[in-house]
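Asks: give me a 3D structure for the following:
(one chain, ligands or ions: 1)
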Amino acid sequence: MANAMPGSQKSVVLLGGGSTLARAMAMRFAEKGFALVLADLDTAELEVIAQDLRVRYGQSCRALHFDALDYGSHGDFAAECAKALGETPGGVVVCFGVTPVQEDAQKDFSVAHHCLDVNYTGAMSVLEHFATLFETRGSGFIAAVSSVAGDRGRQSNYIYGAAKAALSVYLCGLQNRLFKRGVYVTTIKPGFMDTKMTWGMDLPARLLTDPEQAAGIAVQAILKGRGEAYVPGYWRLIMLIIRHIPGMVFKRLSL
Ligand SMILES: NC(=O)c1ccc[n+]([C@@H]2O[C@H](COP(=O)([O-])OP(=O)(O)OC[C@H]3O[C@@H](n4cnc5c(N)ncnc54)[C@H](OP(=O)(O)O)[C@@H]3O)[C@@H](O)[C@H]2O)c1
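Replies: Have a look, this model is predicted:
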C-alpha cells in the first residue's frame, strides 16, 4: 500500500520557529490549512508571530518554549506538542541553527562545540522522539534545514559544514529507516539566504536567496515527499561541481 502523502494530516511543528526561514515557512503551511506549533528559545517573540498567523490565516497556532540543547526535555516536548495540537503532529521541521565565525570556532573549542551541539546533536535528539511517534502511527513527515555547506568541507566554514554534514547523513539514515513505515524525511539544503544569520556577512548578492522564495521551495519539497531539496535548485549543480573537483586541485583553492 502507498504511504499517505505528507500533509494528509494538517498539523506541523516548526522548531526554531522564530528563525527568518521558519516564519516564512509558517505562512506557507498556514495558507495550506495547517495548524501550527512554533517552538524556539524566545517565546515572547514567538507569541507575537503566532498571534499574527492566527489573525491572518484563521489557523490554530501555539508558541512553545524549546531549547535544542536541553536534550533531556525533548521527549516531554514532543508530548507537549501533541497536547497543544490535540493530536500527534502530522509533521515536524527543524529550522534552528547557529553559524559561528569560522576563525572563532577554530580558536575556541567551546564555539565549535556549541555549533555541533545545536546543529547536529540537538536536531538528532529531538527528531528521534518524533520519529518514534510517527513510526508507531505509520505516517507523518520529518524535515530539517541542513546546508550546502555540508556537501564538502571548505576552509571558510568547515566547522559549521561538518555539523550540517552530520545532520544530512543522519536524515538520510532516518529516511532509510522510516520510508517503509509510512514516514517521509526531507533534507533541505539552502545556499545563502538573506536572513538574520547572514546579516553583515560579505556574500555574493547574486547568490543570496530571499527567505520567502526559499520557504516556498522547502514547503513544496516537504509536501511532495522529496528526499532532498537544494534551495534554490541551481545549488545542486554548483555543489555537484564543487564535490567533483579533484582533491589535488581542491586543496589549493580558497573556498
Ligand atoms: N541563512 C543562510 O544563508 C543559511 C544557509 C544554509 C542553511 N541555513 C540554515 O537554515 C536554518 C534557518 O536559519 P536562518 O537563516 O533562518 O537563521 P536565523 O534567522 O538566525 O534562525 C536561527 C534560529 O535558531 C534558533 N536557535 C539557536 N539556538 C537554539 C537553541 N539552542 N534552541 C532552539 N533554537 C535555537 C534561533 O533562536 P534565537 O534567535 O532565539 O537565538 C533562531 O530562531 C538554520 O538551520 C541554518 O543553519 C541558513
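
Asks: okay, CA-based contacts and neighbour counts for the rest of this
Replies: Fine.

Asks: where along the stretch 151-255 of the chain do the strands fall?
Replies: Applying DSSP state E, counting those that start in this stretch to the stretch 151-255 of the chain gives strands spanning 183-190, 192-193, 208-209, 228-231.

Asks: parallel or antiparallel, list what pairs with the second one.
Replies: Strand 192-193 pairs in its sheet with strand 208-209 (parallel), by DSSP bridges.

Asks: quick one: average pLDDT of the strand it pairs with?
Replies: For strand 208-209, mean pLDDT rounds to 94.

Asks: so which of the strands of the stretch 151-255 of the chain is the most surrounded?
Replies: Of all the strands of the stretch 151-255 of the chain, strand 183-190 carries the top mean neighbour count, a mean of 27, counting by mean count of other CA atoms under 10 Å.

Asks: who are the packing partners of it?
Replies: strand 140-145, helix 158-178, helix 211-223, strand 228-231 (3 or more CA pairs under 8 Å, 6 or more residues apart in numbering; DSSP states H and E).

Asks: again, 7 Å this time
Replies: Under the contact criterion of 3 or more CA pairs under 7 Å, 6 or more residues apart in numbering; DSSP states H and E, strand 183-190 touches strand 140-145, helix 158-178, strand 228-231.

Asks: restricting to C-alpha, output stretch 203-219 in PDB.
Replies: The C-alpha coordinates for stretch 203-219 follow below in PDB (Å, rounded to 0.1, in the frame of the first residue of the first chain):
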ATOM      1  CA  LEU A 203      28.300  37.200   0.500                       C
ATOM      2  CA  PRO A 204      27.800  37.400  -3.300                       C
ATOM      3  CA  ALA A 205      24.500  39.300  -3.800                       C
ATOM      4  CA  ARG A 206      23.600  37.300  -6.900                       C
ATOM      5  CA  LEU A 207      23.600  34.100  -4.900                       C
ATOM      6  CA  LEU A 208      21.600  35.400  -1.900                       C
ATOM      7  CA  THR A 209      18.000  34.000  -1.800                       C
ATOM      8  CA  ASP A 210      15.000  35.700  -0.400                       C
ATOM      9  CA  PRO A 211      13.700  33.600   2.500                       C
ATOM     10  CA  GLU A 212      10.100  33.800   1.200                       C
ATOM     11  CA  GLN A 213      11.300  32.100  -2.000                       C
ATOM     12  CA  ALA A 214      13.300  29.600   0.000                       C
ATOM     13  CA  ALA A 215      10.300  28.800   2.200                       C
ATOM     14  CA  GLY A 216       8.100  28.100  -0.900                       C
ATOM     15  CA  ILE A 217      10.700  25.700  -2.300                       C
ATOM     16  CA  ALA A 218      11.200  24.000   1.000                       C
ATOM     17  CA  VAL A 219       7.500  23.500   1.800                       C
END
